[in-house]
Structures are given as C-alpha cells and as structure tokens.
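Asks: Model the structure of this input:
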Amino acid sequence: MMLDNHQPMQGRHNGGLFIFRTHHILHCIPYYIEAIPMTNRLRNHDFYTSKRWQHKRAVVMRHYSYEDQEAKRYGKTIPATMIHHIYPLKDYPELGLQAWNLLPLSAQSHNQMHDRLTDEITAKGRYWQRKRKREFEAFYADAPTN
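Replies: Numbers count the residues shown, from 1 in each chain. Okay, the predicted model is just below:
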C-alpha cells in the first residue's frame, strides 16, 4: 500500500487492528468492516484452556467417534476437528460443559453454524437448537430459583 508520498507502509496485527507506520503517522484500519474487539475464542481463553474443558471435549469427541455430526446428517463421514456450542458460550456460559450442548464438527461445518462477521446463529445452527430444545428446557426447569 502506498501513501501520497510514495512511502511503502509496513503492517502488523495488534488486537483487532492493523497498524501501518510511515514516518511518524499511524494509520489504523479496522480488522473487519465493523470493529470486533476480539473473537469468542480469545474472549473465552481461560475456559478453552481449562482442564475441565479439555477433558469434556475429549469425552464428547470420543462419544461421537470424532465424526462431524452435521455431515453425518447427510450420510457423509468427515472427521471432526472442533466442538460447537449449540447454545453459544457467550450467551449461555452455564451450558459450556453440558454434553448435550456440544457437537463435534469439521471447520467447514462449524463455519456454517453461525455468521463469522456478526456471530449470529444461522439456519443450520437453529436446526440444532430446535433439536436440543428439550434438553435446554429441562436444564432450566431443574435450575434452582432465587
């Protein structure tokens, strides 16, 4: 990228912004169209690095034979590489370790569960929420009231 003075810009990533330096001028460009301060993965770093999560993830992956459950709906066998929270961790942290809320998926299937720019649940994500609605309602029906 060049400026009016034809000096090349050097870029580096810094917390969701790309910072370009040319002489003494800083130019900040949002990482996305809308400035998203951090990804869910970074926001929940302590959760995803905890021993409880690592153990639960391994148990769920073994239970589903490391197979992408969305692909399996269509008769395909694709290896799962990650776990999807059917009801998102950022909205329902209390469901973070509930086995019925965890779904092994490939990266491709996981990206189809929610829009990566807005983080909104897609139609495929809502399908799984409807499918697990009974467990969701039972979890909150059994929850103690204050």
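Asks: buried ones in stretch 81-94?
Replies: Ile83, His84, His85, Ile86, Tyr87, Pro88, Leu89, Tyr92 (16 or more other Cβ atoms under 10 Å). All C-beta spots, glycine's among them, are computed from the backbone N, C-alpha and C.
Asks: Ok, stretch 108-122 next?
Replies: Of the residues in stretch 108-122, those buried (16+ other Cβ under 10 Å) are Ser109, His110, Gln112, Met113, His114, Ile121.
Asks: What ranges does the protein have for its helices?
Replies: 40-43, 45-48, 51-63, 69-73, 107-113, 123-131, 133-141 (DSSP state H).
Asks: So which of those helices is nearest Trp100?
Replies: helix 133-141 (4.2 Å; Cβ to Cβ).
Asks: what comes up buried for the closest one?
Replies: Buried residues in helix 133-141, counted by 16+ other Cβ under 10 Å: Phe136, Phe139.
Asks: Once you drop chain neighbours, what's closest to Trp121?
Replies: Trp isn't right for residue 121; it's Ile. Nearest residue to Ile121, sequence neighbours excluded (Cβ to Cβ, 6 or more residues apart in numbering): His114, at 5.2 Å.
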